[in-house]
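**Q** A structural model of the following input is requested.
(chains A and B)
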2 protein chains.
Amino acid sequence: MNKEEYFIKQFSNNKIIGDDGAFIDGFVYSMDAFFENVHFKKEWMSLKQIAYKSMIVNISDAIVMNAKPLYALLSVAIPKTYSNEDLKELAKGFKKAAQEFEIEIIGGDTISNEKLDISVTIISKSSNPIFRTGVKKDDFLCYTGTLGSSKKDLEALFKNEKISKKSKFIKPVLNPKFFYEIAPFVTASMDVSDGLFFELERLSKASKIGFEFFEEIDENIGTSGEEYEILFSFNQKNLKKIEKIAKKYKIKLNIFAKAIKGSYKTDAKNHHF
Amino acid sequence: MNKEEYFIKQFSNNKIIGDDGAFIDGFVYSMDAFFENVHFKKEWMSLKQIAYKSMIVNISDAIVMNAKPLYALLSVAIPKTYSNEDLKELAKGFKKAAQEFEIEIIGGDTISNEKLDISVTIISKSSNPIFRTGVKKDDFLCYTGTLGSSKKDLEALFKNEKISKKSKFIKPVLNPKFFYEIAPFVTASMDVSDGLFFELERLSKASKIGFEFFEEIDENIGTSGEEYEILFSFNQKNLKKIEKIAKKYKIKLNIFAKAIKGSYKTDAKNHHF
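**A** Numbers count the residues shown, from 1 in each chain, chains lettered A, B, ... in the order given. Have a look, this model is predicted:
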């Protein structure tokens, strides 16, 4: 058990804590940290990009639970050396994400610190939340888009190499419309933030189920984190409906496994930065 | 304008952001950071005390808005050097505060970091929220308890001197029952987190009003932060009712000013650590 798991285990209500967000009375509450030298280095991204991504990784949690994000609270620890121009750039990033997803920034806290450390709370609404616990035997497992580029880009950044401006590591792409439309046919879902293999381990634990892979998945694909693609399961009978919606939104589907009795554990080391 | 104010000004909805918490549709949302070397040094307090105080300063925001805290989300950045025993102590502090105020910890995020940096989001419910904007001309201004000891204790800590185990700086004392009972007679309220003079400046700005002091307030009292006493205003006609409730809960009332036309600004420097 790693330290994060040990710490979480200290709290009694793991049922709520274990998912991307906590669902209570029609609302989904989620909170994620985005810290300098933990999730990013300041040389890698502009302040606007940092603020934007700190919002997106939180909004992603809401979307994969089939919730519509409404409000955001920001806790922003800012280095004393930042100029007003820097603060403006930071604010621009937060506001860009808020505008794009029609979220209202309603408050938070701003403090002076040695480095830029952001925590974001998103309050969302859902009449039909989707949890990690819902995978049923014989369901198909699927992830959207392509996996692997974030890991490659992160490795390049560590080697001080340039990466594409369109890198998902810098600017994750979410597909809320696509997901909300397939949601009625989805049995379980989560985002790929730590890497497919690690998310599958969590999904297996939450749904008490194993997976039969259709073909081997390369480690560079399975261990690439910070992808923010969607991992989901669905009853095979809904395959055509989901494919039709994916086509409409030009989303690539990768149906890679079937849920079976048992459990899944990965041997891969968690490379999450 | 300081940097915090400049940053907040970048967001359009300052009306919601300006209060202790944001009130929307019967809920109050508040978020506060509690960072190592910003709000505390680890030599000053046990991990349990740190976690406990990080919750209390947030719960305080809810109470002074006449809201009942329900749920908490925790973003906890933890040094890699912490042992499982340390994590247990941290969790104990969070749970102690949660139990005391009947709050459910519903989620959050745990990450590795160089120092212990905590952000807490509290979700509260209120059918009758009290804002900073409500002070009316001729209202009396009042703060609870005594002010000054937190500043003295903080100065002692900086000089490596021991302070009382009962110090409010280590363990703030909130009085929710008292406040919920006087709330129907309160026109505006906030907690004293940065110091009375600075809170009065905020109150003056929010309510567009000035203050006539009954006697001069010593700077050691007016600039002592981290007190978590309650600053509130009320119509003079309710004085007796409030005094009666204060007596019941053994709360000391300090009625120190009357609201007048004008505005209030302090010359004192903000000593907030």
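**Q** just say helix, strand or coil for residue A:66.
**A** Classification of residue A:66 using DSSP: H, G, I helix; E, B strand; the rest coil returns coil.
**Q** got phi/psi on it?
**A** Dihedral pair for residue A:66: phi 60, psi 40, per degrees, to the nearest 10.
**Q** and it, how close does it get to chain B?
**A** Counting by CB to the nearest CB, to the nearest Å, the gap from residue A:66 to chain B is 17 Å. C-beta here means a position set from N, CA and C on the backbone, and glycine is covered the same way.
**Q** how about the strands in the stretch 101-250 of chain A?
**A** Secondary structure of the stretch 101-250 of chain A (DSSP state E, counting those that start in this stretch): strands located at A:104-113, A:117-125, A:140-144, A:186-191, A:210-213, A:230-234.
**Q** turn those into TSV, columns for mean neighbour count.
**A** Output for these, formatted as TSV (neighbours: other CB atoms under 10 Å in any protein chain shown):
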stretch	mean neighbour count
strand A:104-113	22
strand A:117-125	27
strand A:140-144	23
strand A:186-191	23
strand A:210-213	16
strand A:230-234	25
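**Q** just put those in a markdown table and tack on distance to residue A:44.
**A** Listed next are the strands of the stretch 101-250 of chain A as a markdown table, based on distance: least, CB to CB, whole Å:
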| stretch | distance to residue A:44 |
| --- | --- |
| strand A:104-113 | 19 |
| strand A:117-125 | 15 |
| strand A:140-144 | 25 |
| strand A:186-191 | 21 |
| strand A:210-213 | 33 |
| strand A:230-234 | 25 |
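**Q** between these, which gets the lowest average pLDDT?
**A** Ranked by mean pLDDT, the strands of the stretch 101-250 of chain A bottom out at strand A:104-113, which scores a mean of 92.
**Q** which neighbours in the sheet does that strand have, and how are they oriented?
**A** Using DSSP bridges, the strands paired with strand A:104-113 in its sheet are strand A:68-79 (parallel).
**Q** chain center to the strand it pairs with: distance?
**A** Averaging C-alpha positions (CA atoms, centre = their mean, to the nearest Å) puts strand A:68-79 16 Å from its chain's average.
**Q** do you know which of the strands of the stretch 101-250 of chain A lies nearest residue B:154?
**A** Smallest distance to residue B:154 across the strands of the stretch 101-250 of chain A (CB to CB): 16.3 Å, for strand A:104-113.
**Q** go through stretch A:43-61 and flag the buried ones.
**A** By neighbour count with 16 or more other CB atoms under 10 Å in any protein chain shown, stretch A:43-61 contains the buried residues A:44-45, A:47-61.
**Q** which stretches of chain A aren't confidently modelled?
**A** For chain A, the stretches flagged by pLDDT under 70 are A:1, A:12-18, A:270-273.
**Q** just want the most central residue of it.
**A** With distances taken as CA atoms, centre = their mean, residue A:191 lies nearest the centre of chain A, 4.0 Å away.
**Q** who's the closest spatial neighbour of residue A:242, skipping the chain neighbours?
**A** Closest residue in space to residue A:242, ignoring its immediate chain neighbours: residue A:182 at 5.1 Å, by CB to CB, 6 or more residues apart in numbering or on different chains.
**Q** whoops, residue A:204 was the one
**A** Per CB to CB, 6+ apart, closest to residue A:204 is residue A:264, 3.9 Å.
**Q** was I right to think the one you found contacts residue A:207?
**A** No - in this structure, residue A:264 is not within contact of residue A:207 by CB atoms under 8 Å, at 10.0 Å.
**Q** so where do the helices sit in chain A?
**A** Under the criterion DSSP state H, chain A contains helices at A:3-9, A:14-17, A:47-64, A:84-100, A:149-158, A:176-182, A:196-207, A:219-222, A:239-248.
**Q** can you list the buried residues in the fifth one?
**A** By neighbour count, with 16+ other CB under 10 Å as the criterion, the buried positions of helix A:149-158 are A:149-151, A:153-154, A:157.
**Q** about what we covered before: so of the helices of chain A, which one's packed in deepest?
**A** Most buried of the helices of chain A by mean neighbour count (mean count of other CB atoms under 10 Å in any protein chain shown) is helix A:47-64; its value is a mean of 25.
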